[in-house]
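Peer 1: Okay, predicted coordinates and the sequence, questions at the end:
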Amino acid sequence: MTNFLELTVSGIALGAIYALVALGFSVIYRGSQVFNFAQGEFLTWGAFGMIALLEAGVPWGLALLGTMIGTGLLGGLVERSILRPLVGRPIFVTIIVTIFIGAILHATAHVVWGSDPMGMPTPWDAMKAFKLGEVSIWYNSLAAIFGAAFALGGFFLMISFTRFGVAMRATASDQETALAMGIPVGRILGATWFLSAAFAALGGVLLSMFPRQADMGLSYVALRAFPAVIVGGLESVGGTILAGVLLGVVEVYAQGYVNPLLGNFGQNFHAVFPYIVMIAFLIFRPYGLFGLKEVERL
């Protein structure tokens, strides 16, 4: 039972990070019908940018805020300078361009920071845990859970109770109607990319605290979070977040219980298990848990 509870806490922490990354996919798709396959590179830039600021002597909290803002501005710059001129082009063109952007960002990060892993400093002892009965809970896990919850809660408050949030929802619903009503759709899309990249940067920092290092492999974590978008439903931000948390828990359970049963074959089974779940949803429930089922009238 103790092992089960410890795995559950670790799974929720990982799932909270997946939810942050998946939210970035979801808000961009809702706004522009595009999957941003450069999302993983924003994780990398966020993690390494955080380390660079800390090494420059910036306090931890300010470094995190600066990292999120800097990475968000990078996302907004990508949208404004590269993707906005492609408005009206076929969707597959934009998707291919995001893959190309990701490759450029990955190569640039490699040149700037090198390929060696770098340690992620934390304000607390990264190896410290506190006891809740017989259960050991890592401080880093709690930081991931509360950090992601704070960011996601702030996002929902923003889209629910601010004029900017209403404009975001209107743009996601119908860009032409929103434009006709005087909503600056271009600025809203740029802000959407800013938020997506900022959340990815936060996810990259939180994720780097688990192994206590950042490396170029962070960019592939976004693809591991991508099934949450399909499972939760493309049109549902809340469903995407819930699916991200659930997939994180399921992945940790698979690593703890299923991998040992499969021997050598199961060494990385947990990494592909979310994709198995995604494929099952694509076959039996393609609109996800909370997505909208398309109905065609003849």
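Peer 2: Done, it's in. Predicted, not measured: the structure shown is a model, and the values here were computed from it.
Peer 1: CA only for contacts and neighbour counts going forward, please
Peer 2: OK.
Peer 1: Convert stretch 188-204 to PDB, retaining C-alpha atoms only.
Peer 2: Provided in PDB are the C-alpha atoms of stretch 188-204 (Å, rounded to 0.1, in the frame of the first residue of the first chain):
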ATOM      1  CA  ILE A 188      -5.200  37.100 -29.300                       C
ATOM      2  CA  LEU A 189      -3.400  34.400 -31.300                       C
ATOM      3  CA  GLY A 190       0.000  36.000 -30.400                       C
ATOM      4  CA  ALA A 191      -1.000  36.000 -26.700                       C
ATOM      5  CA  THR A 192      -2.100  32.400 -27.000                       C
ATOM      6  CA  TRP A 193       1.300  31.400 -28.300                       C
ATOM      7  CA  PHE A 194       2.800  33.400 -25.400                       C
ATOM      8  CA  LEU A 195       0.800  31.500 -22.800                       C
ATOM      9  CA  SER A 196       1.500  28.200 -24.500                       C
ATOM     10  CA  ALA A 197       5.300  28.700 -24.500                       C
ATOM     11  CA  ALA A 198       5.200  30.100 -20.900                       C
ATOM     12  CA  PHE A 199       3.400  27.000 -19.600                       C
ATOM     13  CA  ALA A 200       5.800  24.800 -21.500                       C
ATOM     14  CA  ALA A 201       8.700  26.700 -19.800                       C
ATOM     15  CA  LEU A 202       7.200  26.100 -16.400                       C
ATOM     16  CA  GLY A 203       6.700  22.400 -17.300                       C
ATOM     17  CA  GLY A 204      10.400  22.200 -18.400                       C
END
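Peer 1: Need the residues that contact it.
Peer 2: Applying CA atoms under 8 Å, 6 or more residues apart in numbering, the external contacts of stretch 188-204 come out as 17-18, 20-21, 23-25, 27-28, 31-32, 39-40, 42-47, 64, 67-77, 79-80, 148, 151, 167-168, 171, 218.
Peer 1: buried subset of these?
Peer 2: Those of these that meet the buried threshold are 17-18, 20-21, 23-25, 27-28, 31-32, 39-40, 42-47, 64, 67-76, 79-80, 148, 167-168, 171, 218, by 16 or more other CA atoms under 10 Å.
Peer 1: buried ones in stretch 247-266?
Peer 2: By neighbour count with 16+ other CA under 10 Å, stretch 247-266 contains the buried residues 247-255, 258-259.
Peer 1: List the ones among the buried ones among the contacts of stretch 188-204 that fall in helices.
Peer 2: In this view, these that belong to helices under DSSP state H are 17-18, 20-21, 23-25, 27-28, 31-32, 39-40, 42-47, 64, 67-76, 148, 167-168, 171.
Peer 1: Brilliant, that's me finished.
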